[in-house]
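Undergrad: Curious how this folds, go ahead:
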Amino acid sequence: MLLRRCVVPFTLGTFFKHFPTSNPKTFYPCRISPKTLTTTRILNSSYLEALSPRQKDQVHLYVDTLLEWNQKMNLTAVTEMDEVIERHIEDSLAIIPPIRNSYLSHCSSSFDKLNLVDVGSGPGLPGLILAIACPGWEVTLMESMNKRCVFLDHVIDRISLTNVRVKRGRAEVLGQSLCFREQFDVAVARAVAEMRILAEYCLPLVRVGGLFVAAKGHEPQEEVKNAERAIKMMGASLLQLCSVESHSPHGQRTAIVCLKAHATPKKYPRDPEALFDTPLSPVEHNVELFIYRLGSERG
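TA: This next block holds a predicted model:
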């Protein structure tokens, strides 16, 4: 499929006017109990249809390239175009309303020029799709695997994106670098690791007053509850669990939104094995470490 070279007049305000919205005033404090884990719900619709014709062409060219490269390397388990759009593209676009609502309510009166990092971007999901949908944002795709970085550089050039950069490296290393530590307005992550570990991956990268948004499954309440201590230690608190319709097997996903109120202590993020600071039996430790490494390879 060829990318149209026409330039369509388009602004984020026009784009979001057509986007489904959630109630930005429904937020929850850091202390979690069963009663506070009710989620705000975004009604089902096609987020892709809110894009301009040029952006839709960019999305389809991205999907074409993803499926082409997927024949040579493992980028996604989904191999049909329609399913990629349903399971990956719509799913990635679905986190924009929670970002918008939370950012406007708690961080700034404007979200047109966000500096966003996608941690464990894999084949560019959701970060590259967010960069297409929000051309005023500066997006960093943080990915540890070289072959995926090669793919990302190729597809960025192919669809003519100028607001994206690829950074190869692990979040627990780059989070200690002055070039990246507390430099981003928003950090996002999708299908990388459990929430307790994600908090330590992502929140050191977020500036004080910024957001961390994790795309999770349809019932993440227990995982979020287990991550409460880690989120607080990173200087943040839980703002909102936002349920969005999705074409995932369970029919919906949840955007977990955290607000960073204080600087992250300098010792975080730690080396991978130090992430497991809860006393565990040898068997439990091996299981946790296996899950971490599996998540890292996927991300």
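
Undergrad: For the strand or helix carrying E83, buried residues please.
TA: Following DSSP states H and E, one finds E83 within helix 81-84. By 16 or more other CB atoms under 10 Å, the buried positions in helix 81-84 come out as V84. The C-beta positions use only the backbone N, C-alpha and C, and glycine is treated the same way.

Undergrad: for it, packing partners?
TA: helix 53-70 (3 or more CB pairs under 8 Å, 6 or more residues apart in numbering; DSSP states H and E).

Undergrad: Any buried residues in the helix it packs on, and which?
TA: 54-55, 57-67, 69-70.

Undergrad: CA atoms only for it, dumped as PDB, please.
TA: What follows is helix 53-70, C-alpha atoms only, in PDB (Å, rounded to 0.1, in the frame of the first residue of the first chain):
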ATOM      1  CA  PRO A  53      -6.700  10.200   5.700                       C
ATOM      2  CA  ARG A  54      -2.900  10.700   5.800                       C
ATOM      3  CA  GLN A  55      -2.600   9.300   9.200                       C
ATOM      4  CA  LYS A  56      -4.700   6.300   8.200                       C
ATOM      5  CA  ASP A  57      -2.300   5.700   5.300                       C
ATOM      6  CA  GLN A  58       0.600   5.800   7.700                       C
ATOM      7  CA  VAL A  59      -1.000   3.300  10.000                       C
ATOM      8  CA  HIS A  60      -1.700   0.900   7.100                       C
ATOM      9  CA  LEU A  61       1.800   1.300   5.700                       C
ATOM     10  CA  TYR A  62       3.100   0.500   9.200                       C
ATOM     11  CA  VAL A  63       0.900  -2.600   9.400                       C
ATOM     12  CA  ASP A  64       2.100  -3.700   5.900                       C
ATOM     13  CA  THR A  65       5.700  -3.300   6.900                       C
ATOM     14  CA  LEU A  66       5.200  -5.100  10.300                       C
ATOM     15  CA  LEU A  67       3.600  -8.100   8.600                       C
ATOM     16  CA  GLU A  68       6.300  -8.100   5.900                       C
ATOM     17  CA  TRP A  69       9.200  -8.100   8.400                       C
ATOM     18  CA  ASN A  70       7.300 -10.500  10.700                       C
END
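
Undergrad: Determine which two of the buried residues of helix 53-70 are furthest apart.
TA: Pairwise distances across the buried residues of helix 53-70 (CB to CB) peak at 24.4 Å, for the pair R54 and N70.

Undergrad: all helices of the stretch 51-200 of the chain, in order?
TA: 53-70, 81-84, 90-93, 96-106, 127-133, 146-158, 171-174, 195-202 (DSSP state H, counting those that start in this stretch).

Undergrad: helices and strands around the fifth one, which ones?
TA: Just to be clear, that refers to helix 127-133. helix 53-70, helix 90-93, strand 115-119, strand 138-143, helix 146-158, strand 164-168.

Undergrad: and the third one, average pLDDT?
TA: Pointing back at strand 115-119 there. Averaged across strand 115-119, the pLDDT comes to 98.

Undergrad: Check the longest one too.
TA: Summarised as a single mean, pLDDT over helix 53-70 is 96.

Undergrad: which residues touch T264?
TA: The contact partners of T264, by CB atoms under 8 Å, 6 or more residues apart in numbering, come to 181-182, 203-204, 234-235.
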